[in-house]
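Q: when you get a sec, could you give me coordinates for this:
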Amino acid sequence: MNVIDSNLGTAGPIVAWIRIILGLVVEVIVVAMMLRSVFIFGIDYMTVVYLYFPEENEFQDHEIYSALRHPMYAGLLTIGLTGILEIFDLYSIIFYLMLLFWFYVPVHFVEEPELVKRFSDSYVTYRKRTPAFFVSPAKLGAFFRFLLARAPRHAASS
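A: Numbers count the residues shown, from 1 in each chain. Reported below is the predicted structural model:
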């Protein structure tokens, strides 16, 4: 129990357990999103291989990209955010801010300029309407449809 929970008296342990359970629920949702993303797009696409081999990439038009521009980064950042929720101390907040900076800088200064160069105005428009790391409340439906949709069926090989 941290300082905040201990100042709540008898409600402190209850609040601590609620935070821990809520954090675990969010972590399960996020890990499911990340696993689903890897399953649908493949590990090479999720690890940004398309930046280094642009001739081999293909445009992805999937529902998750209407809710988030970077689903894997969003998952990792959300897991870090649940660390704040579960632990709730100064170190977890500092760690999260460092994690956010660690993701924001390469995405903002390397990955997205490359995508703007490759897809021009269409990516600029997409970037304006779709958040990078955190699902907006208006896009939660698209996020959960992606998470709960049946796996795509692949044609049987002859």
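Q: mind checking the longest helix of this structure?
A: The single longest helix within the chain, with elements called by DSSP state H, is helix 12-41.
Q: so for that helix, what gets flagged as buried?
A: 12, 16, 19, 23, 26-27, 29-30, 33-34, 36-38, 40-41 (16 or more other CB atoms under 10 Å). To be clear about C-beta, it is placed using only N, CA and C from the backbone, and glycine gets the same treatment.
Q: kindly report the same for stretch 131-141.
A: Per 16+ other CB under 10 Å, stretch 131-141 contains these buried residues: 132-133, 135, 139.
Q: got TSV for those residues, with secondary structure too?
A: Listed next are the buried residues of stretch 131-141 as TSV, based on DSSP: H, G, I helix; E, B strand; the rest coil:
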residue	secondary structure
Ala132	coil
Phe133	coil
Val135	coil
Lys139	helix
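Q: kindly indicate which of these lies nearest Ala74.
A: Phe133 (4.6 Å; CB to CB).
Q: next, the contact list for that closest one, please.
A: Contacts for Phe133 (CB atoms under 8 Å, 6 or more residues apart in numbering) come out as 68, 70, 73-74, 77, 103.
Q: okay, and which of these map to helices?
A: Reading helices off the contacts of Phe133 with DSSP H, I get 73-74, 77, 103.
Q: Phe144: which of the residues you listed is nearest?
A: Nearest to Phe144 out of these is Ala74 (CB to CB; 14.0 Å).
Q: about what we covered before: pipe the contacts of Phe133 into a markdown table and attach distance to Arg118, pLDDT and neighbour count per row.
A: As requested, those are arranged in a markdown table below (distance: CB to CB, whole Å; pLDDT from 0 to 100; neighbours: other CB atoms under 10 Å):
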| residue | distance to Arg118 | pLDDT | neighbour count |
| --- | --- | --- | --- |
| Leu68 | 19 | 85 | 24 |
| His70 | 16 | 83 | 21 |
| Tyr73 | 19 | 85 | 21 |
| Ala74 | 21 | 86 | 24 |
| Leu77 | 24 | 87 | 20 |
| Phe103 | 21 | 87 | 18 |
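Q: tabulate those in TSV, adding columns for distance to Tyr91.
A: Below are those laid out as TSV (distance: CB to CB, whole Å):
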residue	distance to Tyr91
Leu68	28
His70	26
Tyr73	22
Ala74	23
Leu77	17
Phe103	19
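Q: show me which helix or strand of the chain is least confident by mean pLDDT.
A: Counting by mean pLDDT, DSSP states H and E, the chain has its least confident helix or strand at helix 49-52, which shows a mean of 56.
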